[in-house]
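Asker: coords please:
(chains A and B)
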Amino acid sequence: MSLAEQLLSGNRLALTRLLTQVENDTPEGRAALTELFPHTGKAHLIGVTGAPGTGKSSLVNRLALHFRRQEERRVAVVAVDPSSPFTGGAVLGDRVRMRDLSGDTGVFIRSMASRGSLGGLARTTAGLVQIFDAAGFDTILIETVGAGQAEVEVARLAHTTLVIEAPGLGDDVQAIKAGILEIADILVVNKADRPGVENTLKALKSVLELAHPVRHVFQHHGKLEVVAAAEEPVYSSWIPPILKTVATEGEGISELADEIARHAGYLRESGDWAARERSRLGSELDALLRETLVRRFREQVSKSRYEDVLDKVFQRELAPWEAVKMLLNGRFE
Amino acid sequence: MSEQKTSPEQGDATSPTEGRRIRVLVAKPGLDGHDRGAKVVARALRDAGMEVIYTGLRQTPEMVAEAALQEDVDVVGLSILSGAHMALVPRVLELLKANGQEQVKVFIGGIIPDEDLPRLKEIGVTGVYGPGASTEDIIRQVKAAMTE
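Answerer: Down below sits the predicted model:
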């Protein structure tokens, strides 16, 4: 029996080993992803992002507990932490805040190092999510590195993106910068028992009023025309709610879970679920194409030929665009 | 691989093949709250290029084994300063085995009396480190255990 078949029959050892294969992008991992692909597309993917120290892990912990206790959903967590740019090593510490989840076989937590990727996720995070999806997890929480303002990749992967803020992290100019706030489907002000929470709420509210009209256009790159129901721009009818939580005390968690459910319902009704799914698969396909074409090209062009052309560029005899033309030599054109 | 029971398929999945980073779980089972040593080791292993999953304080053997399974680690490092190692360590090894992870190498750090060492080796502990152990030694022996 292949690991993929063992996974489908509920074998947790097969699951964990496949996650490793996919994370390391091995041939076995790719074969398993292919074999399991028909079994994917069922889970609700929830992204959790926000600056360091806003309480992402604690919130994921509480949400997962809630989904288990109130709704008996099977929950997977993929938590990404940064790799050292110098040694490639990493300390992955998100489990420290998730100890309430241990001892429950309906929850599976996997830590990942970013391995040089920017954008908040690792290169193979989407693959791990697919494996969990195929393994029958109903809800998959994806926690990003938390490095800050450019961390928008998670919105491409998740159906519902939570952006976590905390009081005292920045003024309203931080809030109007482009990027992370625009990807929020739900905004959460965690640590809401701290002073300054009203200011944070006020700043976020005013930003939402400004940013809301354009945010969905950004997310879908105009790809909504593929959805039949999109003639009326119903997709813009979702206004991201702002919620207050105190994750360490469990305050505001059931309200947050309700909003997540409401967002899932909205996505299905509006056709946005399908649109997101299609746009996500599109960007995955693009990435694979890019990778494959570059690899094929490198296999075809000898190292010395490449070095020759690079020398010419270095000597200013060739401009980079001409060099590319010369290297491709009519292929792929 | 010294373990005979794993199928070739499983052996492939967990041996340190090219490009695979060594994954280590650093855990503190038991009730003592002294985590300085565990954190120093975690950081040293990180600086040696390993991916270290840190679980935090007061883990039961069940929690440690479950985390080792979910994270598919190659190595488990246990830091115990409470004196309960002769109860906790055999239990962790037993659970790892029950989960099919008998190939995982287990290292211990903390206050471990010399007279306990033979028994710990016998049940399958790969290395034991007390106060004054150098992080270089730990890194070298973890790496060596991976190429066995």
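Asker: give me the element the residue most central in space within chain B is part of.
Answerer: The centre of chain B sits closest to B:V76, judged by C-alpha atoms, centre = their mean, with a distance of 2.1 Å. Element membership of B:V76 [criterion: DSSP states H and E] is strand B:75-80.
Asker: Tell me how many other residues surround A:A43.
Answerer: 22 (other C-beta atoms under 10 Å in any protein chain shown). Every C-beta, even on glycine, is put in place using the N, C-alpha and C of the backbone.
Asker: Please report how far it lies from A:V154.
Answerer: 15 Å (C-beta to C-beta, to the nearest Å).
Asker: go on, B:S134?
Answerer: On the measure of C-beta to C-beta, B:S134 and A:V154 end up 40 Å apart.
Asker: got it, and B:A48?
Answerer: 30 Å.
Asker: Out of those two, name the residue with the larger neighbour count.
Answerer: A:V154 (26 against 20).
Asker: any idea which element the more buried one lies in?
Answerer: Assigned by DSSP H and E, A:V154 falls in helix A:153-157.
Asker: Run me through the strand neighbours of the helix or strand following that helix, direction for each.
Answerer: Sequence order places strand A:160-165 as the next helix or strand after helix A:153-157, per DSSP H and E. Strand partners for strand A:160-165, identified by DSSP bridges, are recorded as strand A:44-50 (parallel), strand A:186-189 (parallel).
Asker: For strand A:160-165, give the mean pLDDT please.
Answerer: Summarised as a single mean, pLDDT over strand A:160-165 is 93.
Asker: next one: stretch A:51-60
Answerer: 91.
Asker: Would you mind giving the orientation angle of the strand or helix carrying B:A68 with respect to strand B:75-80?
Answerer: For B:A68, the host element (DSSP H and E) is helix B:61-71. Here the directions of helix B:61-71 and strand B:75-80 differ by 160 degrees (axes from the mean of the first three to the mean of the last three C-alpha atoms, to 10 degrees).
Asker: Who are the packing partners of helix B:61-71?
Answerer: helix A:12-23, strand A:107-113, strand B:23-27, strand B:75-80, helix B:85-98 (3 or more C-beta pairs under 8 Å, 6 or more residues apart in numbering or on different chains; DSSP states H and E).
Asker: separation between A:A64 and chain B?
Answerer: Taking C-beta to the nearest C-beta, to the nearest Å as the measure, A:A64 falls 13 Å from chain B.
Asker: Which strand residues bridge the residue lying closest to that residue once chain neighbours are set aside?
Answerer: Ranked by C-beta to C-beta, 6 or more residues apart in numbering or on different chains and with sequence neighbours excluded, the top spatial neighbour of A:A64 is A:V75, at 4.6 Å. Counting by DSSP bridges, A:V75 forms beta bridges with A:V107, A:T139.
Asker: A:V75 against A:R69, yeah?
Answerer: No: the pair A:V75 / A:R69 is not scored as a contact, 10.7 Å apart, by C-beta atoms under 8 Å.
Asker: Can you check which residues contact both of those two?
Answerer: Residues touching both A:V75 and A:R69 (C-beta atoms under 8 Å, 6 or more residues apart in numbering or on different chains): none.
Asker: Which one's more surrounded, these two?
Answerer: Between A:V75 and A:R69, counted using other C-beta under 10 Å, A:V75 has the larger neighbour count: 27 against 10.
Asker: looking at the helices and strands packed on helix B:61-71, which is buried most?
Answerer: Of all those, strand B:23-27 has the most neighbours on average by mean count of other C-beta atoms under 10 Å in any protein chain shown, namely a mean of 28.
Asker: Helices along chain B, start to end?
Answerer: B:8-14, B:36-47, B:61-71, B:85-98, B:117-122, B:135-147 (DSSP state H).
Asker: would you list those in CSV and tack on mean pLDDT?
Answerer: As requested, the helices of chain B are exported to CSV (pLDDT from 0 to 100):
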stretch, mean pLDDT
helix B:8-14, 32
helix B:36-47, 94
helix B:61-71, 96
helix B:85-98, 95
helix B:117-122, 95
helix B:135-147, 93
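Asker: which of the ones you listed sits most buried?
Answerer: Note that of those, helix B:61-71 is the most buried (mean count of other C-beta under 10 Å), with a mean of 23.
Asker: Grab the CA positions of that helix and hand them over as PDB.
Answerer: Output in PDB follows, covering the C-alpha atoms of helix B:61-71 (Å, rounded to 0.1, in the frame of the first residue of the first chain):
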ATOM      1  CA  PRO B  61       5.500  11.800  27.800                       C
ATOM      2  CA  GLU B  62       2.300  11.400  25.800                       C
ATOM      3  CA  MET B  63       2.500  15.100  24.600                       C
ATOM      4  CA  VAL B  64       6.100  14.600  23.700                       C
ATOM      5  CA  ALA B  65       5.500  11.500  21.600                       C
ATOM      6  CA  GLU B  66       2.500  13.000  19.900                       C
ATOM      7  CA  ALA B  67       4.500  16.100  19.000                       C
ATOM      8  CA  ALA B  68       7.300  13.900  17.700                       C
ATOM      9  CA  LEU B  69       4.800  12.100  15.500                       C
ATOM     10  CA  GLN B  70       3.100  15.200  14.200                       C
ATOM     11  CA  GLU B  71       6.400  16.900  13.400                       C
END
